[in-house]
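In: Using only what follows, build the 3D model:
(chains A, B, C and D)
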Number of protein chains: 2
Amino acid sequence: MATVNPSPGVSRLRVAVPAVATRVASELRLQIAEGALLPGTKLKEEALSEELGVSRNTVREAFAELASERLVVRQPNRGVFVASLEVSDIHDVYAVRRAIEVSAVRGGGSAESIAAVRAAVEEGKRAAEAGDSEGLGSANAHFHGALVAMAGSERLNVIMSQVLAEMRLFFHKASIAGGFYQDYLADNDQICRALEAGDNDLAAERLLSYLARSEEHQTAVHAS
Amino acid sequence: MATVNPSPGVSRLRVAVPAVATRVASELRLQIAEGALLPGTKLKEEALSEELGVSRNTVREAFAELASERLVVRQPNRGVFVASLEVSDIHDVYAVRRAIEVSAVRGGGSAESIAAVRAAVEEGKRAAEAGDSEGLGSANAHFHGALVAMAGSERLNVIMSQVLAEMRLFFHKASIAGGFYQDYLADNDQICRALEAGDNDLAAERLLSYLARSEEHQTAVHAS
DNA sequence: CCGACAGGAATGTTCAACAATTCAACAATC
DNA sequence: GATTGTTGAATTGTTGAACATTCCTGTCGG
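Out: Now for the predicted structure:
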């Protein structure tokens, strides 16, 4: 990590950002993920500052944070809007996923990191049995996050978490299309098995095939 | 790209961010890239706001932008500092490069995008003949940027440009180690040739080997 | 029907103030 | 003498208000 302080031993626990703006950003991030704020919704500075009890400047800082994550889009002199992805964005996002996830899988991982992947697979199975489609979705996100985490790169983890957050922007529409997560449970299990067997190339191949199908599915849903 | 405005035809040329804060961020980004602001330097809000003739709030917005690019680090109640990379960051950055660049190379590119790669190679040769080590460095950056551009993904391009900006943070120290760019000119040419011949896997293999050596080199220089 | 124009609303930017935190210097204690 | 309070200056965090600028709308006139 990038540090600067020559004096060692000081607490590194706290997150390196202003507290209030971060909380505001987190709140908005949550509402976007939950679908409470739909894509295209305009976020007015003054209304939000009143509603959350913070100043306009603080709301502004939160906007800057979310904009850097592509969760909101800033239009000069017009305001910020919850990002709404076009079909071309789908391909773009999957290009990032192909690059990052496949690279991590090809590099393999430690026993612990592979165990985390397995845990995400099992989490998905339990959610499926419970008929919890919300839980299925987040288990799937955990699975792919765990894949990337195998690489042990903080930067890749951050990129992946942002990509997953972006994907939630069009998951709401897609999940209406019915239990399509079910089909992916078997895929995840197969990928995980290949990793556990140490056959990273096979895992990568299966992952690529999964990503291709997933992208196709998302594109089809959003072509309407 | 994520858009929202239903009304078509309006100018999409301008960058979707406040103008002044962006200019301040660009100025600081430039000074960091040029080495005028060395890693670890503290950036004081008030001093900068006076010097640049903008308000503290605007400086603050610029800081948020640079922090999201990891060019500066924010320490709560202490201020922002020009990021200084540790040895562990080197490996982390190269993990991102391996993922993104290799993926782009494996996917190949259009004739135009490969021509851009070739152009960067030639740019490097000219700089080498002119003894312009500064130009050699930026040609090398153009080369790797062109590799990623083959994928045609806006997100990957943004990630790559940020990674290249981060690398300049430790290039200043590394370039002292003498004309080590020279060795990479041949590598770049070989990678480009493989691409032109349509042998993407060979190009990817050569790129991986290059990245491994480059990481080793950087690590050695910074181990001191 | 349409272009021009005035008015309103929202954002962009600045300024000034205060609270909270950090840091360095110094005093106090063991 | 070294560690531990304590104090005070300096800097950041946050707020609130003000003004400029831009966009949007709806009306008026041709």
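In: element containing residue A:222?
Out: Per DSSP states H and E, residue A:222 falls inside helix A:200-223.
In: pLDDT below threshold where in chain A?
Out: Applying pLDDT under 70 to chain A flags the ranges A:1-18, A:173-180, A:224.
In: how about a cut-off of 80?
Out: A:1-18, A:171-182, A:224 (pLDDT under 80).
In: For stretch A:35-46, measure first residue to last.
Out: 22 Å (CA to CA, to the nearest Å).
In: touching chain B at all, the helix holding residue A:222?
Out: No - judged by CB under 8 Å from any CB of the partner chain, helix A:200-223 and chain B are separated, with a smallest distance of 10.2 Å. For glycine as for every other residue, the C-beta is placed from the backbone atoms N, C-alpha and C.
In: Check which helices and strands that helix sits against.
Out: Under the contact criterion of 3 or more CB pairs under 8 Å, 6 or more residues apart in numbering or on different chains; DSSP states H and E, helix A:200-223 touches helix A:87-107, helix A:154-175, helix A:181-196.
In: how does it look with 6 Å?
Out: Judged by 3 or more CB pairs under 6 Å, 6 or more residues apart in numbering or on different chains; DSSP states H and E, helix A:200-223 is in contact with helix A:87-107, helix A:181-196.
In: how big is the angle separating the longest one from helix A:181-196?
Out: Which is helix A:87-107. Here the directions of helix A:87-107 and helix A:181-196 differ by 30 degrees (axes from the mean of the first three to the mean of the last three CA atoms, to 10 degrees).
In: Quick one: residues in contact with the helix or strand following helix A:87-107.
Out: For helix A:87-107, the succeeding helix or strand toward the C-terminus, using DSSP H and E, is helix A:111-129. Residues from elsewhere that reach helix A:111-129 (CB atoms under 6 Å, 6 or more residues apart in numbering or on different chains): A:135-136, A:139, A:142-143, A:146, A:149-150, A:185, A:188-189, A:192, A:195.
In: Name the residues of the helix holding residue A:222 that are buried.
Out: Within helix A:200-223, the residues scored as buried using 16 or more other CB atoms under 10 Å in any protein chain shown are A:200, A:202-207, A:210-211, A:214-215, A:217-218, A:221.
In: Setting aside sequence neighbours, what's the nearest residue to the residue positioned nearest the centre of chain A?
Out: Nearest to the mean C-alpha position of chain A, by CA atoms, centre = their mean, lies residue A:164 at 1.6 Å. In space, and not counting its chain neighbours, residue A:164 is closest to residue A:141: 5.0 Å by CB to CB, 6 or more residues apart in numbering or on different chains.
In: Number of residues surrounding that neighbour?
Out: 19 (other CB atoms under 10 Å in any protein chain shown).
In: how big is the angle separating the one helix or strand it maps to from helix A:87-107?
Out: Using DSSP H and E, residue A:141 maps to helix A:133-149. Here helix A:133-149 runs at an angle of 50 degrees relative to helix A:87-107 (the same axes, to 10 degrees).
In: what's near enough to touch residue A:137?
Out: Contacts of residue A:137 (CB under 6 Å, 6+ apart): none.
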